[in-house]
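Chemist: A predicted structure for the sequence below; I have some questions about it.
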Amino acid sequence: MILILLGAPGVGKGTQGELISKHYNIPEISTGDILRSEVKNETELGKKAKVYMDKGELVPDDVIIGMMENRIKQNDCKNGFILDGFPRTVAQAEAFDRMLEKNNLELYKVLLIDVKEEEIISRLTGRRVCPNCGAVYHIKNKPPKEEGVCDNCGSKLIQRDDDKEEVVRNRLEVYKKNTMPLVDYYTKSSKLVKIEGSGEINDIFERIKKVLG
Ligand code: AMP
(Lines give C-alpha, C1' and ligand atoms only; values in the text may rest on other atoms or scores of the structure.)
Protein backbone atom coordinates (compact mmCIF):
# COMPACT_ATOMS: atom_id res chain seq x y z
CA MET A 1 0.00 0.00 0.00
CA ILE A 2 1.55 3.26 -1.14
CA LEU A 3 0.06 6.38 0.41
CA ILE A 4 0.69 10.09 0.26
CA LEU A 5 -0.26 12.37 3.16
CA LEU A 6 -1.02 15.79 1.80
CA GLY A 7 -1.85 18.94 3.73
CA ALA A 8 -0.34 22.13 5.07
CA PRO A 9 2.43 22.02 7.67
CA GLY A 10 0.90 21.37 11.08
CA VAL A 11 -2.22 19.44 10.04
CA GLY A 12 -0.95 16.27 11.72
CA LYS A 13 0.62 14.36 8.84
CA GLY A 14 3.45 13.15 11.08
CA THR A 15 1.12 12.07 13.90
CA GLN A 16 -1.30 10.22 11.62
CA GLY A 17 1.56 8.83 9.52
CA GLU A 18 3.00 7.20 12.60
CA LEU A 19 -0.36 5.61 13.51
CA ILE A 20 -0.91 4.35 9.95
CA SER A 21 2.64 3.02 9.88
CA LYS A 22 2.12 0.96 13.07
CA HIS A 23 -1.36 -0.27 12.12
CA TYR A 24 -0.55 -1.34 8.55
CA ASN A 25 3.08 -2.21 9.23
CA ILE A 26 4.62 -0.08 6.50
CA PRO A 27 7.31 2.58 6.98
CA GLU A 28 6.49 6.25 7.20
CA ILE A 29 8.91 8.36 5.18
CA SER A 30 9.10 11.99 6.24
CA THR A 31 11.30 14.17 4.04
CA GLY A 32 11.38 16.78 6.83
CA ASP A 33 12.74 14.18 9.30
CA ILE A 34 15.32 12.92 6.82
CA LEU A 35 16.47 16.47 6.13
CA ARG A 36 16.61 17.38 9.83
CA SER A 37 18.79 14.35 10.48
CA GLU A 38 21.11 15.37 7.61
CA VAL A 39 21.31 18.87 9.12
CA LYS A 40 22.09 17.45 12.57
CA ASN A 41 24.86 15.26 11.15
CA GLU A 42 26.24 18.21 9.17
CA THR A 43 26.37 16.27 5.89
CA GLU A 44 26.81 18.07 2.55
CA LEU A 45 23.10 17.57 1.85
CA GLY A 46 22.24 18.87 5.32
CA LYS A 47 24.35 22.01 4.90
CA LYS A 48 22.68 22.76 1.57
CA ALA A 49 19.15 22.09 2.88
CA LYS A 50 19.49 24.10 6.10
CA VAL A 51 19.65 27.43 4.26
CA TYR A 52 16.16 26.81 2.83
CA MET A 53 14.67 25.11 5.88
CA ASP A 54 15.55 27.94 8.27
CA LYS A 55 13.54 30.33 6.11
CA GLY A 56 10.62 27.96 5.59
CA GLU A 57 11.44 27.73 1.88
CA LEU A 58 11.45 24.50 -0.12
CA VAL A 59 14.68 22.62 -0.69
CA PRO A 60 15.31 22.40 -4.49
CA ASP A 61 13.40 19.66 -6.31
CA ASP A 62 16.47 17.85 -7.69
CA VAL A 63 17.89 17.38 -4.18
CA ILE A 64 14.61 16.02 -2.83
CA ILE A 65 13.88 13.80 -5.82
CA GLY A 66 17.32 12.16 -5.68
CA MET A 67 16.95 11.62 -1.95
CA MET A 68 13.53 9.95 -2.37
CA GLU A 69 14.64 7.77 -5.25
CA ASN A 70 17.22 6.24 -2.94
CA ARG A 71 14.87 5.96 0.01
CA ILE A 72 12.04 4.04 -1.67
CA LYS A 73 14.50 1.50 -3.08
CA GLN A 74 15.32 0.34 0.45
CA ASN A 75 14.18 -3.10 1.50
CA ASP A 76 11.68 -1.92 4.12
CA CYS A 77 9.58 -0.31 1.36
CA LYS A 78 8.80 -3.54 -0.46
CA ASN A 79 5.27 -3.85 0.98
CA GLY A 80 4.48 -0.17 0.59
CA PHE A 81 5.13 3.08 2.42
CA ILE A 82 3.53 6.32 3.56
CA LEU A 83 4.92 9.64 2.40
CA ASP A 84 4.77 12.61 4.74
CA GLY A 85 5.99 15.86 3.17
CA PHE A 86 6.64 14.54 -0.33
CA PRO A 87 5.71 15.39 -3.06
CA ARG A 88 5.44 19.10 -2.35
CA THR A 89 5.57 20.51 -5.89
CA VAL A 90 4.11 19.43 -9.21
CA ALA A 91 7.65 18.67 -10.45
CA GLN A 92 8.12 16.30 -7.48
CA ALA A 93 4.74 14.65 -8.12
CA GLU A 94 5.64 14.06 -11.77
CA ALA A 95 9.03 12.66 -10.78
CA PHE A 96 7.32 10.39 -8.24
CA ASP A 97 4.92 9.12 -10.92
CA ARG A 98 7.94 8.21 -13.05
CA MET A 99 9.59 6.43 -10.09
CA LEU A 100 6.44 4.38 -9.53
CA GLU A 101 6.13 3.48 -13.19
CA LYS A 102 9.78 2.49 -13.45
CA ASN A 103 9.42 0.17 -10.46
CA ASN A 104 6.01 -1.20 -11.47
CA LEU A 105 4.32 0.23 -8.41
CA GLU A 106 0.94 1.86 -7.99
CA LEU A 107 -0.13 4.70 -5.74
CA TYR A 108 -3.12 3.62 -3.63
CA LYS A 109 -4.47 6.88 -2.21
CA VAL A 110 -3.65 10.47 -1.35
CA LEU A 111 -5.09 11.59 1.97
CA LEU A 112 -5.60 15.34 2.11
CA ILE A 113 -5.75 16.36 5.77
CA ASP A 114 -7.68 19.58 6.19
CA VAL A 115 -7.39 22.01 9.13
CA LYS A 116 -8.25 25.72 9.34
CA GLU A 117 -5.36 28.15 9.07
CA GLU A 118 -5.70 29.79 12.51
CA GLU A 119 -5.66 26.37 14.18
CA ILE A 120 -2.55 25.42 12.20
CA ILE A 121 -0.71 28.52 13.39
CA SER A 122 -1.58 27.81 17.01
CA ARG A 123 -0.58 24.16 16.65
CA LEU A 124 2.80 24.95 15.10
CA THR A 125 3.86 27.89 17.22
CA GLY A 126 2.94 25.92 20.38
CA ARG A 127 4.81 22.80 19.28
CA ARG A 128 7.88 21.76 21.26
CA VAL A 129 10.15 18.87 20.36
CA CYS A 130 12.76 16.79 22.11
CA PRO A 131 16.08 17.22 20.28
CA ASN A 132 17.27 13.92 21.76
CA CYS A 133 14.46 11.36 21.18
CA GLY A 134 12.20 13.23 18.75
CA ALA A 135 9.08 13.22 20.97
CA VAL A 136 6.62 15.98 20.08
CA TYR A 137 4.61 18.07 22.57
CA HIS A 138 2.32 21.09 22.52
CA ILE A 139 2.34 23.76 25.23
CA LYS A 140 -1.49 23.63 25.50
CA ASN A 141 -2.79 20.47 23.80
CA LYS A 142 -0.13 17.98 24.88
CA PRO A 143 2.10 19.48 27.57
CA PRO A 144 4.91 17.40 29.08
CA LYS A 145 4.51 16.43 32.75
CA GLU A 146 7.19 18.93 33.74
CA GLU A 147 7.28 22.16 31.75
CA GLY A 148 10.02 22.22 29.11
CA VAL A 149 11.28 18.70 29.89
CA CYS A 150 10.83 15.53 27.80
CA ASP A 151 8.69 12.83 29.52
CA ASN A 152 10.63 10.06 27.81
CA CYS A 153 14.25 11.02 28.25
CA GLY A 154 14.42 14.12 30.46
CA SER A 155 16.05 16.32 27.81
CA LYS A 156 15.24 20.02 27.56
CA LEU A 157 12.53 20.62 24.94
CA ILE A 158 13.12 23.09 22.11
CA GLN A 159 11.06 24.97 19.55
CA ARG A 160 12.01 24.16 15.95
CA ASP A 161 13.45 27.29 14.31
CA ASP A 162 10.85 26.94 11.58
CA ASP A 163 7.99 26.85 14.12
CA LYS A 164 8.56 30.52 15.00
CA GLU A 165 5.53 32.56 13.96
CA GLU A 166 6.98 34.51 11.01
CA VAL A 167 8.50 31.34 9.55
CA VAL A 168 5.22 29.45 10.06
CA ARG A 169 3.38 32.13 8.08
CA ASN A 170 5.93 31.85 5.29
CA ARG A 171 5.65 28.03 5.28
CA LEU A 172 1.87 28.39 4.85
CA GLU A 173 2.35 30.77 1.92
CA VAL A 174 4.85 28.36 0.35
CA TYR A 175 2.31 25.55 0.84
CA LYS A 176 -0.46 27.51 -0.88
CA LYS A 177 1.70 28.48 -3.81
CA ASN A 178 3.66 25.28 -4.44
CA THR A 179 1.82 22.37 -2.86
CA MET A 180 -1.90 23.23 -3.18
CA PRO A 181 -1.75 22.60 -6.96
CA LEU A 182 -1.23 18.92 -6.03
CA VAL A 183 -4.84 18.78 -4.85
CA ASP A 184 -5.89 19.23 -8.48
CA TYR A 185 -3.16 16.94 -9.69
CA TYR A 186 -4.39 14.01 -7.58
CA THR A 187 -8.07 14.80 -7.96
CA LYS A 188 -7.61 14.25 -11.69
CA SER A 189 -6.32 10.73 -11.08
CA SER A 190 -9.21 10.08 -8.60
CA LYS A 191 -6.76 9.13 -5.84
CA LEU A 192 -7.51 12.04 -3.51
CA VAL A 193 -9.62 11.66 -0.37
CA LYS A 194 -10.23 14.59 1.98
CA ILE A 195 -10.03 13.94 5.74
CA GLU A 196 -11.28 16.42 8.35
CA GLY A 197 -8.15 17.01 10.42
CA SER A 198 -9.39 18.81 13.53
CA GLY A 199 -10.49 16.98 16.65
CA GLU A 200 -9.04 14.12 18.65
CA ILE A 201 -6.05 12.28 17.20
CA ASN A 202 -7.78 8.90 17.50
CA ASP A 203 -11.01 10.11 15.89
CA ILE A 204 -9.04 11.37 12.91
CA PHE A 205 -7.24 8.04 12.69
CA GLU A 206 -10.62 6.23 12.70
CA ARG A 207 -11.68 8.37 9.72
CA ILE A 208 -8.48 7.39 7.93
CA LYS A 209 -8.91 3.66 8.66
CA LYS A 210 -12.42 3.80 7.22
CA VAL A 211 -11.05 5.23 4.00
CA LEU A 212 -8.17 2.75 3.78
CA GLY A 213 -10.19 -0.31 4.66
P1 AMP B 1 8.35 19.43 7.31
O2 AMP B 1 8.86 18.84 8.58
O3 AMP B 1 7.71 18.43 6.40
O4 AMP B 1 7.49 20.65 7.52
O5 AMP B 1 9.64 19.94 6.51
C6 AMP B 1 10.52 20.91 7.05
C7 AMP B 1 11.25 21.64 5.93
O8 AMP B 1 12.01 20.71 5.15
C9 AMP B 1 10.37 22.35 4.92
O10 AMP B 1 9.96 23.63 5.36
C11 AMP B 1 11.30 22.41 3.72
O12 AMP B 1 12.28 23.41 3.87
C13 AMP B 1 12.00 21.07 3.77
N14 AMP B 1 11.26 20.03 3.00
C15 AMP B 1 10.66 18.91 3.50
N16 AMP B 1 10.10 18.18 2.52
C17 AMP B 1 10.36 18.83 1.36
C18 AMP B 1 10.04 18.61 0.00
N19 AMP B 1 9.33 17.53 -0.39
N20 AMP B 1 10.45 19.52 -0.91
C21 AMP B 1 11.18 20.60 -0.55
N22 AMP B 1 11.50 20.89 0.72
C23 AMP B 1 11.11 20.02 1.67
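Modeler: Perfect, thanks for sending it. Numbers count the residues shown, from 1 in each chain.
Chemist: Give the burial count for Asn141, as a bare number.
Modeler: 11 (other CB atoms under 10 Å). All C-beta spots, glycine's among them, are computed from the backbone N, C-alpha and C.
Chemist: any idea of the pLDDT on it?
Modeler: pLDDT, Asn141: 85.
Chemist: Would you confirm that it contacts Gly126?
Modeler: Yes - assessed by CB atoms under 8 Å, Asn141 is found in contact with Gly126 at 7.2 Å.
Chemist: what comes up buried for stretch 161-177?
Modeler: By neighbour count with 16 or more other CB atoms under 10 Å, stretch 161-177 contains the buried residues 162-163, 167-168, 171-172, 174-175.
Chemist: Report how far apart the opening and closing residues of it are.
Modeler: With CA to CA, to the nearest Å applied, stretch 161-177 spans 22 Å between its terminal residues.
Chemist: which residues are in contact with the helix or strand encompassing Tyr137?
Modeler: Using DSSP states H and E, Tyr137 sits within strand 136-138. Residues outside strand 136-138 that contact it (CB atoms under 8 Å, 6 or more residues apart in numbering): 14-15, 123, 126-130, 142-144, 150, 157.
Chemist: Please report phi then psi for the closest residue in space to Thr15 that isn't next to it in sequence.
Modeler: Among residues not flanking Thr15 along the chain, Ile201 sits closest, at 5.9 Å (CB to CB, 6 or more residues apart in numbering). When read as degrees, to the nearest 10, the backbone of Ile201 gives phi -50, psi -40.
Chemist: Ile201 and Gly12 touch, don't they?
Modeler: Yes - Ile201 lies in contact with Gly12 (CB under 8 Å); the separation is 7.2 Å.
Chemist: which of those two has more neighbours?
Modeler: Of the pair Ile201 and Gly12, Gly12 is the one with more neighbours under other CB under 10 Å, namely 23 against 13.
Chemist: Can you read off the pLDDT for that one?
Modeler: Value for Gly12, per-residue pLDDT: 92.
Chemist: what do you get for Ser189?
Modeler: Ser189 is given a pLDDT of 89.
Chemist: I'd like to know how far it sits from Lys109.
Modeler: Using CB to CB, to the nearest Å, one gets 10 Å for the distance from Ser189 to Lys109.
Chemist: Comparing the two, which residue is more hemmed in?
Modeler: Using other CB under 10 Å, the more surrounded residue of Ser189 and Lys109 is Lys109, with 19 against 11.
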